[in-house]
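Student: Turn this into a model:
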Amino acid sequence: MKLKPIKTELDYIQALDRLEKIFDAKKGTKEGDELEILGILIEKYENEKFPIDLPDPIEAIKFRMEQLEYSQNDLADLIGLKSRASEILNKKRKLSLDMIRKLSSQLRIPTEVLIQAY
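Tutor: Predicted coordinates:
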């Protein structure tokens, strides 16, 4: 396949078909290089055509808490009082900069997610 920018849906489908055919290509080979470049082109097209918004900050916190099997008490230990944790989870209190730093560090939630308005 001759590599070119992906501009249309047809280009995208053809690129995906080619990617599937050379998916197991070895790194350092001609097909391996093609696979790497094709992946970059497909990712660029998908990011432009199918953007994914960042999640709501509080929903991200709840999701990570669930993954880590954290309780509201665990969150309170991290950010302060239990009542404060409740207010945060119920969107009645905004996250402070200090809370954002702690949550980002401990729960591994990107700061760009936590600083969004909600």
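
Student: mean confidence score for the longest helix belonging to the chain?
Tutor: In the chain, ranked by residue count with DSSP state H as the criterion, the top helix is helix 30-49. Confidence over helix 30-49 (mean pLDDT, whole number) is 95.

Student: list the buried ones in the next helix or strand after that helix?
Tutor: The C-terminal neighbour of helix 30-49 among helices and strands, as given by DSSP states H and E, is helix 57-68. When burial is assessed from 16 or more other CB atoms under 10 Å, helix 57-68 yields the following buried residues: 57, 58, 60, 61, 64, 65. Every C-beta, even on glycine, is put in place using the N, C-alpha and C of the backbone.

Student: ok, now which ones touch the residue nearest the centre of the chain?
Tutor: For the chain, the residue nearest the mean C-alpha position is residue 54 (7.2 Å; CA atoms, centre = their mean). For residue 54, the residues meeting the contact criterion (CB atoms under 8 Å, 6 or more residues apart in numbering) are 112, 113, 116.

Student: just residue 73 next, same as before
Tutor: Residue 73 sits next to 82, 85 when contact means CB under 8 Å, 6+ apart.

Student: Now do the buried residues in the helix or strand where it lies.
Tutor: Of the helices and strands defined by DSSP H and E, residue 73 is found in helix 72-79. Burial within helix 72-79, assessed by neighbour count using 16+ other CB under 10 Å, is assigned to 75, 76, 78, 79.
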